[in-house]
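In: Whatever this is, show me its structure:
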Amino acid sequence: MRVLFVCLGNICRSPSAEGVFRAHLARSGLADRVEIDSCGVGDWHVGKGPDPRALEAARRRGIDISSLRARQLAPSDYQAFDYILAMDHDNLAAIQQGRPTDCRAHIGLFLEFAGEHDRAVPDPYYGGEQGFEEVLDLIEAASEGLIEELRQRLSHL
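Out: Got it, this is the predicted structure:
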């Protein structure tokens, strides 16, 4: 099973989601059965590490995302991943725009897995530290729901 988290530039929300979800996978015992990655719909930050504020917020929760590097969503991602999860509606629209007709991946908002079917993970880039904490809280909640769905799907394989 493969999961891809997508935001705008891949330096705040999606690398945070990758790090938090990796920690949740390890605690759930599913780490060896699920691969995860993150990317952005834009190419502004390709090759750069996460925003220092995202690094610090994740570190305070015991999560190290310092080795992650930004990359842009690629056409091959539509075939490589089972879940392509957007952080907000603009990201989702960009993903849907590039979606090939033969794509079988579940494409949607990450917060669907927290029971928030129309809510976005807000972009904390232009805000203060509290915005990064809010992002992590939302990611934590959605991660639990996604773990449960993956556990159910994997039990049928």
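In: buried residues in the helix ranked longest in the chain?
Out: Secondary structure assigned by DSSP state H gives helix 129-155 as the longest helix of the chain. Neighbour-count burial for helix 129-155 flags 131-132, 135-136, 138-143, 145-147, 150 (criterion: 16 or more other C-beta atoms under 10 Å). All C-beta atoms are positioned from the backbone trio N, CA, C, and that covers glycine.
In: cool, stretch 52-62 as well?
Out: So for stretch 52-62, counting by 16+ other C-beta under 10 Å, buried means 53-55, 57-58.
In: quick one, strands of this structure?
Out: 2-7, 35-40, 83-86, 106-109 (DSSP state E).
In: could I get those strands as JSON lines with mean pLDDT, distance to residue 29 and mean neighbour count?
Out: Compiled in JSON lines, these are given as follows (pLDDT from 0 to 100; distance: least, C-beta to C-beta, whole Å; neighbours: other C-beta atoms under 10 Å):
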{"stretch": "strand 2-7", "mean pLDDT": "98", "distance to residue 29": "16", "mean neighbour count": "25"}
{"stretch": "strand 35-40", "mean pLDDT": "98", "distance to residue 29": "15", "mean neighbour count": "21"}
{"stretch": "strand 83-86", "mean pLDDT": "98", "distance to residue 29": "19", "mean neighbour count": "26"}
{"stretch": "strand 106-109", "mean pLDDT": "97", "distance to residue 29": "22", "mean neighbour count": "17"}
